[in-house]
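*Asks:* predicted model follows, preceded by the sequence.
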Amino acid sequence: MSDDDDQTRKDFDEAVNMTASELKKWLDTDESKSVGQKKDGGESTGHESGRHIVRILEKKKADLTDDDYAHMRKVVGYVKRHSAQRPKGDVTETDWRYSLMNWGNDPKK
């Protein structure tokens, strides 16, 4: 593993604060499926990302691929950008929170 991959893993572990089982359960909800940009009316980008995050979380470090590391970097960037756009007030039942949760980050944790 390169130093870059090691840093990517650390950044990913900080950005993703949901477990694989929490994220799987969340991705099955109507709220999860209701947010995000959808390609041709299908699955949203964030929902698809969430499924990839679950696969990453369930893998052993030694089994992570270059594609996994690329996705981990994408997740870190998204969580950082989207977190900076936090709306005022209670975010419990907001599309903003639901979108972040699709990317493995629950801002209420």
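*Replies:* Arrived safely, thanks for sending. Residues are numbered from 1 along each chain as shown.
*Asks:* packing partners for the lengthiest helix in the chain?
*Replies:* The longest helix of the chain (DSSP state H) is helix 66-83. Counting contacts by 3 or more Cβ pairs under 8 Å, 6 or more residues apart in numbering; DSSP states H and E, helix 66-83 is packed against helix 3-15, helix 45-58, helix 95-102. Backbone N, C-alpha and C define where each C-beta goes, glycine included.
*Asks:* off-centre distance for that helix?
*Replies:* What separates the centre of helix 66-83 from the centre of its chain is 8 Å, taken as Cα atoms, centre = their mean, to the nearest Å.
*Asks:* contacting residues for R81?
*Replies:* For R81, no contacting residues are found, by Cβ atoms under 8 Å, 6 or more residues apart in numbering.
*Asks:* tell me how far it lies from W96.
*Replies:* 12 Å (Cβ to Cβ, to the nearest Å).
*Asks:* again, but for A15
*Replies:* From A15 over to W96 (counting by Cβ to Cβ), the distance is 16 Å.
*Asks:* the more surrounded of these two?
*Replies:* A15 (20 against 15; other Cβ atoms under 10 Å).
*Asks:* in space, what's closest to that one - neighbours in sequence excluded?
*Replies:* With Cβ to Cβ, 6 or more residues apart in numbering as the criterion, A15 has its nearest non-adjacent residue at 4.1 Å, and that residue is V79.
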